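Trainee: What shape does this take:
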Amino acid sequence: MRYNSPTTQLGLLAAILLLTTANRRLLSTFLLQSPPTDLNPTYDSYLPTSIISCVAGFLGIFLVNLAGVRSILVFYSLTNILLLASIVSQLHTGHDAFHTAALIIDSTGYDLGRVATLVVVLAYPSERWKARALSLFLILEYFSMTIGDIIAMQVTSTNAARSKVAIAALCLACLAPFLSAAIAPSDRIVRNNGVYLLARHSTLREELRGTLAIFKNKYMMLMIPYMFAYPFLFSAANVPHPNIQAILLYDAGKIFIILMSLTLDIQWASRRVRSLVSLCMLTVVVVSSSTVTVVIRGKHADISAIQPDWTPTEINNYLMDQSMTKQRVLLLTTYFFAGLASSFIELFGYWIIGTLTNDIKVSGRLVGTYHSVMSIGGLVGYQMVNLIHHDISMSNIPTYIAVAVTFVSLVLLYFV
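Mentor: The predicted structure follows:
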C-alpha cells in the first residue's frame with residue numbers, strides 16, 4: 001500500500017482520532033466522574049465552549065487551508081495531551097484551574113481538528129466510497145463518546161485507580177503528534193488511477209476572497225438554514241441528562257447512518273436520484289423525530305409543584321421527569337429518532353458539500369462554514385431556552401419555533 005494513497009492517509013487519520021478524540025471521550029467523563037450532559041459532539045449547552053466552537057469553526061476556514069491539515073492535526077494532538085495532563089494534575093492536586101484553562105484550549109484544538117478531519121474524509125475517497133468513509137468516521141466519534149458515558153455512569157473507582165488510567169491515557173495520547181506529523185500534504189496524494197488531488201497553495205487574501213464567495217454560492221445559501229436548523233431544534237427541545245437507556249437508544253438510531261451511506265454510495269441510479277431518495281429518508285426521520293418531541297413537550301404535567309424561583313432548566317427537567325413517569329415509552333422513542341435524525345443530517349450535509357467541489361481548499365471553506373453554523377444553531381437554541389420567561393405556558397415556544405425552521409430548511413434543501 002502506497003504511503004501517499006488515500007487509503008493509507010485515511011488509516012493514519014483513523015489512528016490519530018483513536019488516540020485523541022476517542023481516547024478523550026472514552027475516559028474524560030470516567031476520570032472526572034462527571035455525569036454526561038450532552039448527546040451530540042458538535043454543540044453543547046455550556047456557553048463558553050459553544051462560543052469557542054463557533055469561532056474555531058470560522059478560524060478553521062482559514063487555518064486548515066493556510067497551515068495545512070497536518071499542522072492542524074499536530075496542534076489538536078498537542079491540545080489533547082494538555083487536556084489529559086490537566087486531568088492528571090487535577091486528580092493529584094484537587095485544583096481545577098489548570099484543567100479549566102486546558103479545556104478551553106482543547107476545545108479550540110478539537111474544533112479545528114474536526115474541520116481538518118472532515119476535509120480529508122470528504123476529499124480523499126472516491127465518489128463511490130465518500131459517504132461510507134464519512135459514516136465510519138462519524139460512528140467512531142459517536143460511539144467513543146457513548147462508551148465513555150456508560151463507563152462513567154456504571155463504573156466506580158478510587159482516585160488512585162483513576163489516576164493510573166489517566167497517566168496511561170496520557171502516554172497513549174503522546175503518540176498522536178508523531179502520527180499527525182506523518183500525514184502527507186494534500187497536494188501529494190495520488191489516487192489509485194494516478195490522478196492527483198486538486199490542492200493549490202493559497203494566500204490569506206485568496207482565502208478571504210474565497211470565504212466571501214461562499215455567501216454568493218446559491219447552493220450554500222440554500223444549505224445554511226439546513227446547517228442551522230437541527231442543532232437549533234435539538235438544543236431548543238432541551239433534552240434532559242440522559243440515562244443509560246436513552247444513550248443506548250440514541251446511538252442505536254445513529255447506527256442507521258450506514259443505511260444512508262449505502263444509498264448515497266452504491267451506483268444504483270444517478271447521483272441526483274440517490275440524493276433525492278436520501279432526502280426523502282431524511283425528511284421522514286426528521287418529521288418523526290420532531291412530531292414525537294412536540295407530543296412529549298405538549299403533554300400536560302402537574303404544575304402545582306413548580307416553585308416560582310425555579311430556573312428554566314429546573315422547570316424543564318421537572319417536566320421531562322413527569323414525562324419519564326407518564327410517557328416513558330414515548331420519551332425513549334424520542335431519543336432513538338433524535339439519534340437517527342442527527343446522524344442523517346450530518347452525513348447528508350457533508351456529502352452534499354463533497355459533491356459541490358473537487359478542490360480541497362474550497363472543501364475546507366465549506367466544511368468550516370457548516371461546522372460553525374451548526375454550532376451557532378446549538379448556541380441559539382440553548383440560549384433561547386434560558387431567555388424565555390419562566391412561565392410554564394411559554395416553555396415550549398423555542399421547540400415550536402425550531403420545528404418550523406427545520407421543516408422550512410428541508411424544503412430549501414430540495415432545491416440543492
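
Trainee: Can you pull out the low-pLDDT segments for the protein?
Mentor: Along the chain, segments meeting pLDDT under 70 span 1-2, 25-49, 145-158, 187, 189-200, 238-243, 296-304, 312-313, 315-328, 385-395.

Trainee: give the contact list for the residue nearest to residue 370 when sequence neighbours are not counted.
Mentor: Nearest non-adjacent residue to residue 370, counting by C-beta to C-beta, 6 or more residues apart in numbering: residue 227, 5.3 Å away. Bear in mind the C-beta positions are built from the backbone N, C-alpha and C, glycine included. If you count contacts by C-beta atoms under 8 Å, 6 or more residues apart in numbering, residue 227 has them with 349, 369-370, 373-374, 377.

Trainee: Mind listing what's buried along the helix or strand containing residue 254?
Mentor: Here residue 254 sits within helix 244-255, counting by DSSP states H and E. Neighbour counts over helix 244-255 (16 or more other C-beta atoms under 10 Å) mark 246-251, 253-254 as buried.

Trainee: Determine how far it lies from the middle of the whole chain.
Mentor: 15 Å (C-alpha atoms, centre = their mean, to the nearest Å).

Trainee: Name the residues of the helix or strand just after that helix that come out as buried.
Mentor: Remark: after helix 244-255, the chain's next helix or strand is helix 257-265, criterion DSSP H and E. By neighbour count with 16+ other C-beta under 10 Å, helix 257-265 contains the buried residues 257-258, 260-261, 263-265.

Trainee: Pull the most distant pair out of the residues you listed.
Mentor: Spatially, the most separated pair among those is 257 and 265, at 12.2 Å (C-beta to C-beta).

Trainee: what are the ranges of the helices in the stretch 1-150 of the chain?
Mentor: 6-17, 23-32, 47-67, 69-93, 97-123, 130-154 (DSSP state H, counting those that start in this stretch).

Trainee: Take these and write them to a markdown table, including mean neighbour count and distance to residue 275.
Mentor: Shown next, in a markdown table, are the helices of the stretch 1-150 of the chain (neighbours: other C-beta atoms under 10 Å; distance: least, C-beta to C-beta, whole Å):
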| stretch | mean neighbour count | distance to residue 275 |
| --- | --- | --- |
| helix 6-17 | 19 | 23 |
| helix 23-32 | 21 | 31 |
| helix 47-67 | 20 | 25 |
| helix 69-93 | 21 | 27 |
| helix 97-123 | 22 | 15 |
| helix 130-154 | 20 | 10 |
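
Trainee: Columns distance to residue 383 on top of the ones you listed, output as CSV?
Mentor: Output for the helices of the stretch 1-150 of the chain, formatted as CSV (distance: least, C-beta to C-beta, whole Å):
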stretch, distance to residue 383
helix 6-17, 30
helix 23-32, 24
helix 47-67, 7
helix 69-93, 26
helix 97-123, 18
helix 130-154, 23
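
Trainee: between those, which one is nearest to residue 179?
Mentor: So among those, helix 6-17 is nearest, using C-beta to C-beta, at 5.0 Å.

Trainee: okay, the angle between that closest one and helix 97-123?
Mentor: Here helix 6-17 runs at an angle of 160 degrees relative to helix 97-123 (axes from the mean of the first three to the mean of the last three C-alpha atoms, to 10 degrees).

Trainee: how about the CA coordinates for helix 6-17, as CSV?
Mentor: Output of helix 6-17 as CSV, limited to C-alpha atoms (Å, rounded to 0.1, in the frame of the first residue of the first chain):
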residue,chain,number,x,y,z
PRO,A,6,-5.9,8.0,0.1
THR,A,7,-6.3,4.6,1.9
THR,A,8,-3.0,4.9,3.8
GLN,A,9,-3.7,8.5,4.8
LEU,A,10,-7.2,7.7,6.0
GLY,A,11,-5.8,4.8,8.0
LEU,A,12,-3.4,7.2,9.6
LEU,A,13,-6.1,9.7,10.3
ALA,A,14,-8.3,7.0,12.0
ALA,A,15,-5.3,6.0,14.2
ILE,A,16,-4.9,9.7,15.2
LEU,A,17,-8.5,10.0,16.1
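
Trainee: Packing partners of whatever helix or strand residue 165 lives in?
Mentor: Element membership of residue 165, judged by DSSP H and E, is helix 159-173. Helices and strands touching helix 159-173, by 3 or more C-beta pairs under 8 Å, 6 or more residues apart in numbering; DSSP states H and E, are helix 23-32, helix 69-93.

Trainee: Make TSV from those helices and add distance to residue 7 to it.
Mentor: Below are those laid out as TSV (distance: least, C-beta to C-beta, whole Å):
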stretch	distance to residue 7
helix 23-32	23
helix 69-93	16
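
Trainee: No more questions from me, cheers.
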